[in-house]
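S.K.: Quick one, what's the 3D model for this:
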Amino acid sequence: MKHTLALLVVNQPGVMARIAGLYSRRGYNINSIAVGETEDPKVSRITLVVEAEAAHELEQITKQLYKLVDVIKISDITLDDSVERELALIKVKSSSANRSEILQIVDIFRAKIVDVSRSAVIIEVTGTQDKVEAIIALLKPFGLVEIARTGKVALVRSAVRA
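M.R.: Next comes the predicted model:
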């Protein structure tokens, strides 16, 4: 099962490398990793998507992560009510003959064309992993040239009290 982990870490060089190293030493794969500074410039947020078949595997990795001095907090937000997004840039072969079809697909997915040349367009799409994969599947017949994806970023929703 895929798990989404939200980590708060001290914003220092090498923290992400130590976390990735911990996973690789244990033989676990990181499906996606996204890192960025938080509202506090001294703290970074890492969103990890990892495979763990059993609860004890995830618990073991979490315990190992907490041993790293730079880790402040770890939350498994897999089952939480959260907002999750991924960004992808997709370069697709394009000609005057098929450009209108590509534009229709882009409009349907509320994506944007961010670059146009004679032979290709670059599309920016933001959404869930399923949305990104769906637009890629529809664009594939036109000829995918390159794809760059960020990996998942996520925040747990909170109840707003009036």
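
S.K.: For the protein, give me the ranges with low pLDDT.
M.R.: Along the chain, segments meeting pLDDT under 70 span 159-162.

S.K.: switch to 80 and redo it
M.R.: Low-confidence segments of the chain (pLDDT under 80): 26-27, 53-55, 69, 159-162.

S.K.: can you list the domains in it?
M.R.: 2-76, 82-155 (automatic domain parsing).

S.K.: Can you list the strands that the lengthiest strand in the chain pairs with?
M.R.: The single longest strand within the chain, with elements called by DSSP state E, is strand 82-93. Strand partners for strand 82-93, identified by DSSP bridges, are recorded as strand 120-127 (antiparallel), strand 144-149 (antiparallel), strand 153-156 (antiparallel).

S.K.: Toward the C-terminus from that strand, list the very next helix or strand.
M.R.: helix 99-108 (DSSP states H and E).

S.K.: And that next one, what does it pack against?
M.R.: strand 112-116, strand 120-127, helix 129-139 (3 or more CB pairs under 8 Å, 6 or more residues apart in numbering; DSSP states H and E). Every residue, glycine included, has its C-beta placed from N, CA and C.

S.K.: and among the strands paired with strand 82-93, the most buried is which?
M.R.: Greatest average neighbour count among the strands paired with strand 82-93 goes to strand 120-127 (a mean of 19), per mean count of other CB atoms under 10 Å.

S.K.: contacting residues around it?
M.R.: 85-94, 99, 102, 106, 109-116, 131-132, 135, 139, 145 (CB atoms under 8 Å, 6 or more residues apart in numbering).

S.K.: Mind giving me the PyMOL command for buried ones among the residues you listed?
M.R.: This is how PyMOL selects the buried members of the contacts of strand 120-127, with burial counted by 16 or more other CB atoms under 10 Å:
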select buried, resi 85+86+87+88+90+91+92+94+102+106+109+111+113+131+132+135+139
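
S.K.: the residue most distant from the middle of this protein, which is it?
M.R.: Within the chain, Ala97 marks the point farthest from the mean C-alpha position, 33.2 Å out by CA atoms, centre = their mean.

S.K.: Just want the phi and psi numbers for that residue.
M.R.: Ala97 adopts backbone torsions of phi -70, psi -40, taken as degrees, to the nearest 10.

S.K.: Then Arg25?
M.R.: Arg25 has phi and psi values of phi -60, psi -30 when expressed as degrees, to the nearest 10.

S.K.: That one and Thr4, how far apart?
M.R.: 22 Å (CB to CB, to the nearest Å).

S.K.: between these two, which one's more packed in?
M.R.: Thr4 (21 against 9; other CB atoms under 10 Å).
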